[in-house]
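Provide a 3D model corresponding to the input given below.
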Amino acid sequence: MSRVKTAILVVLGLIWLAPIYLLVVNASKSVDGYDAKTVWKPAGFSLFANFGDAWSKAALGDTLVATTMYSVIAPVVAVLIGSAAGYAIVVLRLKRGFLWFVFIFGGTIFPLQMILMPLFSGYANSGLYDTRIGMIIVYTAISVPFSAFVMRNFFTGIARSVFEAAVVDGGGLFRIFRSIYLPMAGSALAAIFILQATFVWNDLLLGLTLSQSDSVRPIMPALTGLQSTYGGASLPTVLAGGLLVSLPTVILFLAAQRFFSRGLALGQF
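Down below sits the predicted model:
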């Protein structure tokens, strides 16, 4: 029975790895050496040359700074706001706390496509369109509900006596939140940050809708320029660009895997 399970897991693993294999193999082929009939067969190694071609044609350097800013600032702010909301609802027992939670989390009910036109109109009228601060605001707003959901569940699992003992010792509400509850939730905060940073980094729809200039537009919308009618890029270049922009999120996950695993082990997801 164990051999059957092992065989099934191996087959599933190979199926999961097949797209990654195709991506790396075809991104490594030269422009002249690519053939749609031999996508499974390695041929040459021009990966770094294709990296450079994709970097220059998609102007990824102009968007890298902006995307890094969005992927760091927005998740950090969202995690802090979500933690404060969970702390107020669960620990401080905010009046009608559940209704506040439903109000915050209710923002995830509507598909993003439903609010694109009102969002675009509001951004255009307020001067936030094609600005970095505007992108940070929208990414933060989208990340807050999930952060509040996770932190509310996490703080529910902390004994009430922890808060009561801190109050008896003379701790203020903000100090208790900053010095006790946030450190206790470190692994959960890291897990939320990784998930939200990955979402922001991989975003395409909001970047296409709310930005235009290379200095503001996120990296994924810039990458789509390689596949446009006038992009002039071959498939190995496009695949190399996709592989290149996915590396930061992979590195982030590997670097923070220990914290991410602890966050998952808390059972909050």
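
C-alpha from now on. contacts and neighbour counts both.
Noted.

where do the helices sit along the stretch 151-269 of the chain?
160-168, 173-176, 182-184, 186-202, 205-210, 219-224, 235-255, 257-265 (DSSP state H, counting those that start in this stretch).

relative to Val4, which of these is closest?
Across the helices of the stretch 151-269 of the chain, Val4 has its closest neighbour in helix 257-265 (27.5 Å, C-alpha to C-alpha).

just to revisit the earlier point, dump the helices of the stretch 151-269 of the chain into JSON lines; add mean neighbour count, mean pLDDT and distance to Asp130 as well.
Output for the helices of the stretch 151-269 of the chain, formatted as JSON lines (neighbours: other C-alpha atoms under 10 Å; pLDDT from 0 to 100; distance: least, C-alpha to C-alpha, whole Å):
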{"stretch": "helix 160-168", "mean neighbour count": "13", "mean pLDDT": "87", "distance to Asp130": "44"}
{"stretch": "helix 173-176", "mean neighbour count": "14", "mean pLDDT": "88", "distance to Asp130": "36"}
{"stretch": "helix 182-184", "mean neighbour count": "15", "mean pLDDT": "88", "distance to Asp130": "34"}
{"stretch": "helix 186-202", "mean neighbour count": "22", "mean pLDDT": "89", "distance to Asp130": "16"}
{"stretch": "helix 205-210", "mean neighbour count": "18", "mean pLDDT": "91", "distance to Asp130": "6"}
{"stretch": "helix 219-224", "mean neighbour count": "22", "mean pLDDT": "86", "distance to Asp130": "13"}
{"stretch": "helix 235-255", "mean neighbour count": "18", "mean pLDDT": "85", "distance to Asp130": "21"}
{"stretch": "helix 257-265", "mean neighbour count": "16", "mean pLDDT": "63", "distance to Asp130": "33"}
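
can I get those helices in TSV with distance to Val138?
Compiled in TSV, those are given as follows (distance: least, C-alpha to C-alpha, whole Å):
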stretch	distance to Val138
helix 160-168	33
helix 173-176	26
helix 182-184	24
helix 186-202	10
helix 205-210	8
helix 219-224	16
helix 235-255	20
helix 257-265	25
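
the ones you listed: which one's closest to Leu9?
Nearest to Leu9, of those and by C-alpha to C-alpha, is helix 257-265 at 20.8 Å.

tell me the contacts of Ala59?
Residues in contact with Ala59, defined by C-alpha atoms under 8 Å, 6 or more residues apart in numbering, are Asp214, Ala222.
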